[in-house]
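Have a look; sequence and predicted model below, questions after that.
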Amino acid sequence: MSILGHEKEKNIFQTILRSNRLHHAYIFSGRTGSGKKLFARELARSIICEEDSFLETCMCKHCIVATGSQHPDIHLVEETPVKIEVARQISAEAYLSPLSAKRKVYIIDNAHTFTKEAANAILKTLEEPSSDTHFFLITDRYEQILPTIRSRCINIRFSSLISSEVQEILTGLGVEDDLLPIIADQASGSVSYAQFLLDNMDETGRFSPDKSKLELYSEINNLDTKEKIRAYCSSMYAYMLEKYKNSGDETLLDFSNYLLEILKRLEYNVSLDMFRLDLYIKTIEVLCEKS
C-alpha cells in the first residue's frame, strides 16, 4: 500500500531498518486522522517482510497475510480505554516467540487511555521486551500518556497531511464530491475529519455569526442530540478556520482548536446541557471580541 505524505517519517524508519537499529517501543503522536495507525500497520508489514521491502507492495507470504490484516505476529489493540486485562495479556504474550515471522509487532491505538493499573502492568514489558518484539503506541493526545510510559518509548511526532494529500486519499477511497477541495482544505490535515464534514454536509451550513445573543442561545440550546452538535460545531469550525486564514487572528485559531477538542469529547459520556452552555459561552466570547 502506498503511504501518502510523511516523507520525514519514511526517511527515519527506512534508515533505521536498513541499519538494523529498530528500537523496541515508539509512540506515534499527532493529529487525529493524519495516518499514524495506517503508517504503523504498513511499517509492521515491512518489519516482518521476507524480502525486506519497505512500505512497498510485496508478495512474500508474510506480506500477503499482513495485507489482509490476519497476520498472527501483528497484533492491533483498539480497545478504549486500554484495561489491565489487556495489558496483562500483552505482557504475557510479548515474551513468546513469533508464531510465523522473524519478529512480532504490537500496535496499540489510543495509548493515552491506558488506565494507571494497565500502564503499571505493561511497564516492564515496554522497558525490556524480548529482542524480536516491537511496540507502536498511537495517540493524538501525547501529553495525556502517563509519564512512566512516555519515558520508555521514542516519540515520533507526525505532521499533518497537506490539503492535496487529504484530497488524494479521499479520492482513492472512492469519495466524489464537488466540494472535496474545500473540505480537504478545511480539514486541517485530517482525513477522518474531512470524512466527518462530508458525511454531515447536509447539516454543516447552518452556523451564521449574524445573530443576537438570544437567537444564538436558542439555536445552540435546540441541539438536542450529539449528531446535531457535531454537525453544528463542524459548520462553525469551517467558518472560523476560514476567517482565521483571511485575518490571521490567533483568537479564531484557538477557538477552532477548541471546537475540535469538544468534538472529541462527544465520543464520551457528557452532559449535553453543560456541553451546550459551555459552547454558547465560548462562542459569545469570541463573537463579542470580534464584533
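Sure thing, it's come through.

which residues in the chain form strands?
Defined through DSSP state E, the strands belonging to the chain, from first to last, are 25-30, 74-77, 104-108, 133-139, 154-158.

Now do the contacts for the nearest residue to R88 once chain neighbours are set aside.
Nearest residue to R88, sequence neighbours excluded (C-beta to C-beta, 6 or more residues apart in numbering): A121, at 5.1 Å. Backbone N, C-alpha and C define where each C-beta goes, glycine included. For A121, the contacting residues are I84, A87, R88, S91, by C-beta atoms under 8 Å, 6 or more residues apart in numbering.

re earlier: could I get the strands of the chain in JSON lines, plus columns for mean pLDDT, distance to R265 and mean neighbour count?
Listed next are the strands of the chain as JSON lines, based on pLDDT from 0 to 100; distance: least, C-beta to C-beta, whole Å; neighbours: other C-beta atoms under 10 Å:
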{"stretch": "strand 25-30", "mean pLDDT": "95", "distance to R265": "19", "mean neighbour count": "23"}
{"stretch": "strand 74-77", "mean pLDDT": "94", "distance to R265": "23", "mean neighbour count": "19"}
{"stretch": "strand 104-108", "mean pLDDT": "95", "distance to R265": "22", "mean neighbour count": "25"}
{"stretch": "strand 133-139", "mean pLDDT": "96", "distance to R265": "16", "mean neighbour count": "25"}
{"stretch": "strand 154-158", "mean pLDDT": "94", "distance to R265": "22", "mean neighbour count": "15"}
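
my read: V105 touches L76, true?
No - at 9.2 Å, V105 and L76 do not qualify as touching, with contact defined as C-beta atoms under 8 Å.

domain ranges for this structure?
Annotated domains of the chain cover 7-159, 200-290 [automatic domain parsing].

what mean pLDDT would you report for the shortest one?
This points to domain 200-290. If you average the pLDDT over domain 200-290, you get 79.

Tell me the gap between that domain and the middle of its chain.
On the basis of C-alpha atoms, centre = their mean, to the nearest Å, the separation between the geometric centre of domain 200-290 and that of its chain is 21 Å.

just the first one next, same as before
How far domain 7-159 lies from its chain's middle: 15 Å, per C-alpha atoms, centre = their mean.

so how far does it reach from one end to the other?
Start and end residues of domain 7-159 are separated by 10 Å (C-alpha to C-alpha, to the nearest Å).

re earlier: next, format the strands of the chain as CSV and append distance to P181.
As requested, these are exported to CSV (distance: least, C-beta to C-beta, whole Å):
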stretch, distance to P181
strand 25-30, 23
strand 74-77, 32
strand 104-108, 32
strand 133-139, 28
strand 154-158, 23
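
Of the contacts of A121, which is the nearest to F39?
Nearest to F39 among the contacts of A121, counting by C-beta to C-beta, is A87 at 23.5 Å.

quick one: pLDDT of that closest one?
Looking at A87, its pLDDT reads 94.
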